[in-house]
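Trainee: Generate coordinates for the sequence data below:
(one chain, ligands or ions: 1)
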Amino acid sequence: MTQPSRPPRPRVLSGIQPTADSFHLGNYLGAVRQWVAMQDTHDAFYCVVDLHAITVPYDPALLRRRTRIAAAQLFAAGLDPERCTVFVQSHVAEHTELAWVLGCLTGFGEASRMIQFKDKSAKGGAEQASVGLFTYPVLQAADILLYQANQVPVGEDQRQHLELTRDLAQRFNHRFGQVFTVPGPYILADVAKINDLQDPAAKMSKSSSSPQGIVDVLDESGVIRKKIARAVTDAGTDIRADEAAKPGVTNLLRIYSALAGVSVAELEASHGNVGYGTFKRELAELVVDTFAPVRERTEKMLADETELDRLLAQGASRASRVARETMALVRDRIGLLLPLPAG
Ligand code: TYM
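Mentor: As a prediction, the model looks like this:
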């Protein structure tokens, strides 16, 4: 008997930078957790974007190490190489090739308006910023469009880059004929911006000034407990969400809600009067229960680099098949003379 044919699954692509020794709670709740869920509903491609990581000063040996750590954490967090494609961006050369083509369709003024470039370049002085940092969002657009992704699961900070990606896809299709799927953002409001534990007005970020404000996925359990116990809370003792008056407690409520699968309103009802100490202790245990197994699995994967590299080669080979197909179409449409096979 023949199997009934199933409609193809929507395609998803997302990426994460290997710029730290561990992902943090914001990366996990804002992105990686959705990636794990979507591997069962989507045709999913996830990449460690090493070429994005070299847009700012970095150490080569550390980059190589962190690329493996990033990949190991993705598998450890639940990405299954049989159910989705995990790869390293630089293993698929078409990313940079398409970035060049899209860069030629991007206005200088348009690229200048990207908030993340403005923020990052302001830190080191705009004169010091690299051209690579400036064209960073164009490479990100290439990552997404190469795979004809329908959806891109990310945190709120990536929204503007996705807008640019959509504009570039539409512009290309308009000028050269339909080639690219126009992707939509997949941003879950409740977890789209997890804030710093020490500075709850600011996004939790790898570049934060105090490590105490960031909970890392690979932190030891004792460290996680300490960081949460010391999280900044607000005046009063009641536990309720109020972005303006109680930003610290509101952030903790969001994290608790996401990890426990209980709404913030339900938490306010059940925990409104338990006091900050009890609430934080419960939250710390939730985070520890989530991250301790990920840390253990990450360590195991890193202990066998040969196997990890094999999984990444398998991912790159699957990704390349799709990327080559898209790029062949792009080269033809934009009018490049196609070379004859040598020999
Ligand atoms: P990156 O490496 O900075 O972050 C990875 C993902 O984590 C999300 N995120 C957060 N979500 C909620 N709260 C936070 N505090 C928080 N901090 C980070 C980010 O939104 C992101 O989804 N430019 C991208 C990487 C990239 C990419 C792509 C993403 C390159 N190519 C193609 C999607 C598709 C970045 O810097 O992510």
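Trainee: so what's the residue of the chain found nearest the ligand closest to, chain neighbours aside?
Mentor: The nearest approach of the chain to the ligand comes at G30, 2.0 Å away (Cβ to the nearest ligand atom). No exception for glycine: its C-beta is placed from N, CA and C like everyone else's. Nearest in space to G30, with sequence neighbours left out and distances taken as Cβ to Cβ, 6 or more residues apart in numbering, is G155 at 3.3 Å.
Trainee: Then T96?
Mentor: For T96, the closest residue by Cβ to Cβ, 6+ apart turns out to be L51, at 6.8 Å.
Trainee: which residues touch the one you found?
Mentor: 89-90, 95-96, 139 (Cβ atoms under 8 Å, 6 or more residues apart in numbering).
Trainee: Farthest-apart pair in these, please.
Mentor: S90 and L139 (10.9 Å; Cβ to Cβ).
Trainee: With neighbour numbers in mind, choose between those two.
Mentor: Per other Cβ atoms under 10 Å, whichever of S90 and L139 has more neighbours is L139, with 22 against 18.
Trainee: ok, the more buried one touching E94?
Mentor: No: at 11.6 Å, L139 does not count as touching E94 under the criterion of Cβ atoms under 8 Å.
Trainee: backbone phi and psi for V56, please?
Mentor: phi -120, psi 160 (degrees, to the nearest 10).
Trainee: give the contact list for it.
Mentor: Here V56 is in contact with 19, 120, 124, 130, 133 (Cβ under 8 Å, 6+ apart).
Trainee: A231 too?
Mentor: By Cβ under 8 Å, 6+ apart, the neighbours of A231 are 197-198, 248, 252, 280.
Trainee: at 10 Å what do you get?
Mentor: Neighbouring residues of A231 by Cβ atoms under 10 Å, 6 or more residues apart in numbering: 196-198, 200, 212-213, 215, 248-249, 251-252, 255, 276, 280, 283-284.
Trainee: From those, which land in helices?
Mentor: When those are checked against helices (DSSP state H), the matches are 248-249, 251-252, 255, 276, 280, 283-284.
Trainee: mind giving me TSV with these and columns for neighbour count, distance to the ligand and pLDDT?
Mentor: Listed next are the ones in helices among the contacts of A231 as TSV, based on neighbours: other Cβ atoms under 10 Å; distance: Cβ to the nearest ligand atom, whole Å; pLDDT from 0 to 100:
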residue	neighbour count	distance to the ligand	pLDDT
G248	20	15	97
V249	24	17	97
N251	23	10	98
L252	25	14	98
I255	24	10	98
Y276	18	22	96
K280	20	19	98
L283	22	16	98
A284	19	19	98
